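K.L.:
quick one, what's the 3D model for this:
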Amino acid sequence: QVQLVESGGGLVQAGGSLRLSCAASGRTFSIYAVGWFRQAPGKEREFVAAVNRSGGGQQYAASVAGRFTISRDNAKNTVYLQMSSLKPEDTAVYYCAASLAALTTPPVSPIGYDYWGQGTQVTVSS
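P.N.:
Residues are numbered from 1 along each chain as shown. Here you go, the predicted model:
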C-alpha cells in the first residue's frame, strides 16, 4: 500500500504558474505509475497528466498539453506537476493517484488507479 499527499496548491492569477507535489510513503514508489486528476465543482473528475514508473513516458490531457509538465523523482518518492500559463478554467481540486498497472504508457482513466491522495485546491483568478 502507498500513501499520497499533495501540496503546492493555492491562489494564482491567470497566466501565472504553480508547482504541485505528490509525496508518497509506504511501498517502493518506483513500482507505481502516477497520475494527476482534477475535479471542479459540479463536474466529474478528469484526467490531467500521468507518468509511467520510470518517468520516461508521459500522457497529457489536450486541455493542458504544452502548459503542464509532469515529472518524478523516485529517489525522493515525489511526483511533480508544473503548471504554467494557468487559466481560470484550470480551477479545481487536484488529486494525485498511484497505479500498479505495469504499462509503458500510464493509465488515463481513474479506474486504472489504486491509491489516491486527499487533493489540493488550485484557484486561478481572472
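
K.L.:
for this protein, give me the ranges with low pLDDT.
P.N.:
Along the chain, the model assigns pLDDT under 70 to no residue.

K.L.:
wait, is residue 75 part of a helix?
P.N.:
Yes - checked against DSSP: H, G, I helix; E, B strand; the rest coil, residue 75 lies within a helix.

K.L.:
that one: neighbour count?
P.N.:
8 (other CB atoms under 10 Å). Using the backbone N, CA and C atoms, a C-beta is placed for each residue, glycine as well.

K.L.:
need the contact list for residue 9.
P.N.:
Neighbour list for residue 9: 18, 20, 94, 120-122 [criterion: CB atoms under 8 Å, 6 or more residues apart in numbering].

K.L.:
my error: substitute residue 81 in the last question.
P.N.:
By CB under 8 Å, 6+ apart, residue 81 lies in contact with 19-20, 22, 36, 48-49, 68-70, 94, 96.

K.L.:
using CSV, lay out the residues you listed together with secondary structure and distance to residue 58.
P.N.:
CSV is the format used below for the contacts of residue 81 (DSSP: H, G, I helix; E, B strand; the rest coil; distance: CB to CB, whole Å):
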residue, secondary structure, distance to residue 58
19, strand, 16
20, strand, 15
22, strand, 14
36, strand, 11
48, strand, 11
49, strand, 7
68, strand, 10
69, strand, 8
70, strand, 5
94, strand, 16
96, strand, 14
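
K.L.:
of those, buried ones?
P.N.:
Taking 16 or more other CB atoms under 10 Å as the criterion, what is buried in the contacts of residue 81 is 20, 22, 36, 48-49, 68-70, 94, 96.

K.L.:
mind putting these into JSON lines with distance to residue 106?
P.N.:
Below are these laid out as JSON lines (distance: CB to CB, whole Å):
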{"residue": "20", "distance to residue 106": "17"}
{"residue": "22", "distance to residue 106": "13"}
{"residue": "36", "distance to residue 106": "11"}
{"residue": "48", "distance to residue 106": "12"}
{"residue": "49", "distance to residue 106": "9"}
{"residue": "68", "distance to residue 106": "15"}
{"residue": "69", "distance to residue 106": "15"}
{"residue": "70", "distance to residue 106": "9"}
{"residue": "94", "distance to residue 106": "16"}
{"residue": "96", "distance to residue 106": "12"}
